[in-house]
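Asker: missing the sequence, but the structure's below:
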Ligand code: NAP
């Protein structure tokens, strides 16, 4: 082991910023240009020198940048390929770059445990004395052996111990955060789980004791799997405000990557100054999800495919309408820890319609007999509408009609009737948007509500507009089911306009 000298970090503010933005580029000019663009909003930057072909060549520009920006706190990192970085040189060369990075103004240096073990004691001592030292360990496969790794790490004196693991399921976040809670009483620790399932630790790790967390400069510039960009971490998840009393909510499903719910619900919490954060939880099983609900704890959940039915057996009670529909899309954790289920898809369908026409006695045709159709049929029946069902497989359609005391129609019966509203609750029209579940002359109604919301304008909507119908886009269902969730969780009216604005913007954004 290299040194036993106590080291007091120099030039470090007493309170570190919560977010350190990792900057990468293949050449020095680009790296500094990116840092310039970031510096105003991000006073804490990690320079990933290993991404530059000749890391040493970046140092003169880095010096000028840091002289010009004394407010920036900088980490110098030159991680070797063997440890998951890009630097192909020896550990001695790595030590050399790091010491020089400190000389040009980096107040912190990041050194991987593997390098520290392999380094000559004199090189390690040089690194250790050059700046504040972050000793790191990355596990790109799993969250395991945290104690053992930490023991190995703390054999080396350092100012911060950074443990980065990979979440292969949601409960790994709980493991890592418990570990951070315990160790942060003894040492300065930094911890995060990589991977899509590591989002919980990326947002909540700071309140579990992580000295700070890492963010990507922009989407697409991640230096680790699952890393969130700094703007999203600040503006969407409001990481600067996350504290012990911040309530945690999330949307759970599989897959969940493209869900618009986090953007919409976090915007709603922000607008109404609710101290809460909402995360996308990629749950590969409900058992995994439920462990997090108890241990984090999570105060409320939006439940999406494929768990809307399966979740019911994990709940203490569900509202009667959700029971009839046989699906729950909203869970609230009461003060006694019990879980209650609701179906807000009903509000998602009923509210946009009743804002436009009285539902009592209205003739409404529902296309489909799946989950969304069931929410529509039972919700509309409850409001006194006369409901008709058309479905590809007649057996499923007839079964639903019987259960909900509504009428099943064949296509030819349907063509002879006139409706107040038609609701498309099939996926036809999704994706390319080229298909329509009805031909133009079959769209016999005053209103058309297409529950499909990607694309924002479907073929069915175009045909209906051409025929003079008033069209309700599927995004209104998405917003209204979320608005009802917000009300159930917070007891406050939801900022519907703001939620609609965020969803419309997201749907119009070019696809990545
Ligand atoms: P689901 O449970 O799988 O039901 C799908 C229904 O559509 C079934 O009745 C099925 O008929 C029918 N169907 C499927 N493919 C068809 C095809 N090619 N031609 C004709 N009928 C077809 O799905 P869900 O959860 O009800 O969702 C349905 C759609 O609603 C989704 O695709 C989504 O676009 C939309 N949705 C929107 C929101 C929102 O917030 N806007 C929320 C939930 C759902 P069979 O019985 O014959 O299989």
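Answerer: Yep, it's here. Bear in mind the structure is a predicted one, so any value in this text is a computation, not a measurement.
Asker: how about the stretch 151-300 of the chain: which residue is closest to the ligand?
Answerer: Closest approach between the stretch 151-300 of the chain and the ligand, counting by CB to the nearest ligand atom: residue 260, at 9.3 Å. Using the backbone N, CA and C atoms, a C-beta is placed for each residue, glycine as well.
Asker: hang on, residue 501 in a strand?
Answerer: No. Assigned with DSSP: H, G, I helix; E, B strand; the rest coil, residue 501 falls outside any strand and is helix.
Asker: what's the neighbour count on it?
Answerer: A count of nearby residues for residue 501, using other CB atoms under 10 Å, gives 15.
Asker: how about the residues of the chain that lie near the ligand?
Answerer: Taking CB under 6 Å from any ligand atom as the measure of proximity, the chain contacts the ligand at 345, 348, 368-373, 391-393, 396, 425-428, 430, 437, 451-453, 474, 477-478, 481.
Asker: show me how to select, in PyMOL, the buried members of those.
Answerer: Selecting only the buried members of the residues of the chain next to the ligand in PyMOL, with burial defined as 16 or more other CB atoms under 10 Å, works like this:
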select buried, resi 345+348+368+369+371+372+373+391+396+425+426+428+430+437+451+452+453+474+477+478+481
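Asker: pretty sure the residue of the stretch 151-300 of the chain closest to the ligand contacts residue 503?
Answerer: Yes. With the criterion set as CB atoms under 8 Å, residue 260 and residue 503 qualify as a contacting pair; they are 5.6 Å apart.
Asker: let's verify the closest residue to the residue of the stretch 151-300 of the chain closest to the ligand other than its chain neighbours: helix, strand, or coil?
Answerer: Of all residues beyond its chain neighbours, the one nearest residue 260 is residue 506 (5.0 Å), with distances taken as CB to CB, 6 or more residues apart in numbering. Put simply, residue 506 is helix when judged by three-state DSSP.
Asker: quick one: the strands in the stretch 151-300 of the chain?
Answerer: Using DSSP state E, counting those that start in this stretch, the strands assigned to the stretch 151-300 of the chain run over residues 160-166, 189-194, 213-216, 247-253, 276-282, 300-303.
Asker: and those strands as CSV, adding mean neighbour count?
Answerer: Listed next are the strands of the stretch 151-300 of the chain as CSV, based on neighbours: other CB atoms under 10 Å:
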stretch, mean neighbour count
strand 160-166, 24
strand 189-194, 26
strand 213-216, 24
strand 247-253, 24
strand 276-282, 25
strand 300-303, 26
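Asker: of all those strands, which one comes closest to residue 26?
Answerer: Taking CB to CB, strand 213-216 is the member of the strands of the stretch 151-300 of the chain nearest to residue 26, at 16.2 Å.
Asker: any residues touching that closest one, and which ones?
Answerer: Judged by CB atoms under 8 Å, 6 or more residues apart in numbering, the contacts made with strand 213-216 from elsewhere in the structure are 18-22, 46, 190, 192, 202, 205-206, 222-224, 227-230, 233, 239.
Asker: now do stretch 381-400
Answerer: Residues outside stretch 381-400 that contact it (CB under 8 Å, 6+ apart): 321, 346, 350, 354, 359-370, 373-374, 376-377, 380, 401, 404-411, 414, 417, 419, 426.
Asker: circling back to that earlier point, next, format the strands of the stretch 151-300 of the chain as a markdown table and append mean pLDDT.
Answerer: Converted to a markdown table, the strands of the stretch 151-300 of the chain look like this (pLDDT from 0 to 100):
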| stretch | mean pLDDT |
| --- | --- |
| strand 160-166 | 98 |
| strand 189-194 | 98 |
| strand 213-216 | 97 |
| strand 247-253 | 98 |
| strand 276-282 | 97 |
| strand 300-303 | 98 |
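Asker: where do the helices sit along the stretch 101-250 of the chain?
Answerer: Counting by DSSP state H, counting those that start in this stretch, the segments of the stretch 101-250 of the chain that form helices are 113-118, 121-130, 146-154, 171-183, 199-208, 230-231.
Asker: for the shortest one, what is the distance to the chain centroid?
Answerer: Spelled out, that is helix 230-231. Using CA atoms, centre = their mean, to the nearest Å, the distance from the centre of helix 230-231 to the centre of the chain it belongs to is 13 Å.
Asker: with the third one instead?
Answerer: In terms of CA atoms, centre = their mean, the centre of helix 146-154 is found 30 Å from the chain centre.
Asker: could you give me the average pLDDT of it?
Answerer: Predicted confidence along helix 146-154 averages 98 (mean pLDDT).
Asker: now the last one
Answerer: Across helix 230-231, pLDDT averages out at 96.
Asker: check which residues of stretch 402-409 are buried.
Answerer: Of the residues in stretch 402-409, those buried by neighbour count under the rule 16+ other CB under 10 Å are 404, 406-409.
Asker: rounded mean pLDDT for that stretch, please.
Answerer: For stretch 402-409, mean pLDDT rounds to 98.
Asker: point me to the residue of the stretch 351-500 of the chain nearest the ligand.
Answerer: When distances are taken as CB to the nearest ligand atom, the stretch 351-500 of the chain approaches the ligand most closely through residue 370, which lies 1.8 Å from it.
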